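Student: All I have is the shape, not the residue letters:
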């Protein structure tokens with residue numbers, strides 16, 4: 001079955017970016033001049049996704065406003081003779097069919113995904129986490145959909161992480177199938193290095209079959225007292241085949257300050273309009289700080 005729906009959880013409080021996130025959703029913090037969430041929605045749209053459900057919470061109205069059409073702003077730009085900016089605004093509101101539902105209680109990622117049950121129905125669907133931005137020649141999600149098309153089963157987007165970082169992620173125990181593809185045998189959420197079965201981490205991209213919802217309804221709170229998606233995926237892997245795919249591209253953890261800064265710098269350097277001048281600025285700044 002073709003993957004046409006995606007779910008993006010965006011109900012978190014963004015406490016690591018306070019005070020900026022006191023009034024601004026963390027998903028709307030810009031990398032250069034584009035909100036992080038827009039990069040993720042662009043990835044989904046460029047992968048063939050037609051309908052996107054964003055799981056929001058209180059104080060997230062700015063997300064809806066950003067992806068809506070803004071007649072007042074467009075009229076003002078036209079009146080001011082800035083028509084060259086209009087295509088950029090029209091592009092944002094036409095990326096995909098975007099829907100919204102609120103997660104009324106912060107009970108974990110598994111609970112957030114369960115909020116999408118009515119939207120998903122009986123179709124396989126994609127999940128893209130807002131803390132993970134991936135720069136890749138071929139969109140990360142498109143790579144994973146291609147794997148799903150070959151195997152017809154759930155696919156987790158993974159990459160190897162340093163041993164010191166395994167306790168930050170869901171880690172898989174996997175069996176080699178082919179280049180970049182492994183069969184998932186088990187998973188553990190944020191294990192210590194000693195307990196970790198590998199250093200292969202799930203990094204914010206999933207394609208999951210709809211049977212996950214039945215499992216989530218029975219999943220009890222796990223790590224952190226929250227309903228963990230990882231726990232539900234472990235059960236799903238016992239019932240049907242599940243694969244993990246080592247995707248190509250550079251992933252940024254924009255949920256951390258250092259990851260957000262790295263993404264900002266590298267996306268800026270890749271821009272044709274500002275890259276060269278920004279690189280010159282960085283060189284001078286490094287010299288000044290090193291003096």
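Tutor: On my side now, so go ahead. The structure displayed is predicted, hence computed values, not measured ones.

Student: Can you give me the buried ones in stretch 187-205?
Tutor: 187-191, 196, 198-205 (16 or more other CB atoms under 10 Å). Placement of C-beta: from N, CA and C, glycine included.

Student: start to end distance for stretch 91-106?
Tutor: Across stretch 91-106, the terminal residues are separated by 32 Å (CA to CA, to the nearest Å).

Student: What mean pLDDT does it get?
Tutor: Stretch 91-106 shows a mean pLDDT of 88.

Student: So which residues of the protein form helices?
Tutor: Applying DSSP state H to the chain gives helices spanning 36-45, 61-67, 71-79, 86-93, 109-114, 117-120, 140-151, 212-218, 229-239, 257-269, 275-290.

Student: and the buried residues of stretch 187-205 as CSV, adding pLDDT and distance to residue 31?
Tutor: Formatted as CSV, these follow (pLDDT from 0 to 100; distance: CB to CB, whole Å):
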residue, pLDDT, distance to residue 31
187, 88, 30
188, 86, 31
189, 83, 28
190, 85, 26
191, 85, 30
196, 85, 30
198, 90, 30
199, 89, 27
200, 91, 27
201, 91, 22
202, 92, 22
203, 90, 17
204, 91, 15
205, 95, 18
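
Student: before we move on, back to that, could the helices of the chain be laid out in JSON lines, adding mean neighbour count?
Tutor: Below are the helices of the chain laid out as JSON lines (neighbours: other CB atoms under 10 Å):
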{"stretch": "helix 36-45", "mean neighbour count": "22"}
{"stretch": "helix 61-67", "mean neighbour count": "16"}
{"stretch": "helix 71-79", "mean neighbour count": "11"}
{"stretch": "helix 86-93", "mean neighbour count": "13"}
{"stretch": "helix 109-114", "mean neighbour count": "23"}
{"stretch": "helix 117-120", "mean neighbour count": "16"}
{"stretch": "helix 140-151", "mean neighbour count": "19"}
{"stretch": "helix 212-218", "mean neighbour count": "17"}
{"stretch": "helix 229-239", "mean neighbour count": "21"}
{"stretch": "helix 257-269", "mean neighbour count": "16"}
{"stretch": "helix 275-290", "mean neighbour count": "11"}
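
Student: Which among the ones you listed is found nearest to residue 171?
Tutor: helix 229-239 (9.0 Å; CB to CB).

Student: what residues does that closest one touch?
Tutor: Helix 229-239 has contacts (CB atoms under 8 Å, 6 or more residues apart in numbering) with 108-110, 113, 154, 156, 170, 184-189, 202, 206, 208-209, 211-212, 215-216, 219-220, 222, 242.

Student: do you know which of the helices of the chain lies nearest residue 249?
Tutor: helix 140-151 (5.4 Å).

Student: Quick one: distance of the closest one to the chain centre.
Tutor: Helix 140-151 sits 16 Å away from the centroid of its parent chain (CA atoms, centre = their mean, to the nearest Å).

Student: for stretch 33-46, same thing?
Tutor: With CA atoms, centre = their mean as the basis, stretch 33-46 stands 9 Å off its chain's centre.

Student: repeat for stretch 100-120
Tutor: Distance, centroid of stretch 100-120 to centroid of chain: 15 Å (CA atoms, centre = their mean).

Student: end to end, how far does it reach?
Tutor: Note: stretch 100-120 ends 13 Å apart using CA to CA.

Student: Report the helix or strand with the lowest average pLDDT across this structure.
Tutor: Sorting the helices and strands of the chain by mean pLDDT, DSSP states H and E puts helix 71-79 at the bottom, at a mean of 84.

Student: Would you mind pulling the contact partners of that helix?
Tutor: 83, 85-86, 89-90.

Student: surely residue 89 meets residue 70?
Tutor: Yes: between residue 89 and residue 70 there is a contact under CB atoms under 8 Å: 6.3 Å.

Student: Quickly name whichever of the buried residues of stretch 187-205 is closest to residue 17.
Tutor: residue 204 (17.2 Å).

Student: Run through the bridge partners of the closest residue to that closest one other than its chain neighbours.
Tutor: Closest residue to residue 204 apart from its sequence neighbours, by CB to CB, 6 or more residues apart in numbering: residue 132 at 2.9 Å. Taking DSSP bridges, one obtains residue 253 as the residues bridged to residue 132.

Student: Tell me which residue is most central in this protein.
Tutor: Among the residues of the chain, the one closest to the centroid is residue 129, at 2.7 Å (CA atoms, centre = their mean).

Student: show me what contacts that residue?
Tutor: 8-9, 109, 204-205 are the contacts of residue 129 under CB under 8 Å, 6+ apart.

Student: if we go to 10 Å?
Tutor: If you count contacts by CB atoms under 10 Å, 6 or more residues apart in numbering, residue 129 has them with 7-10, 12, 40, 109, 112, 157, 202-206, 229, 255.
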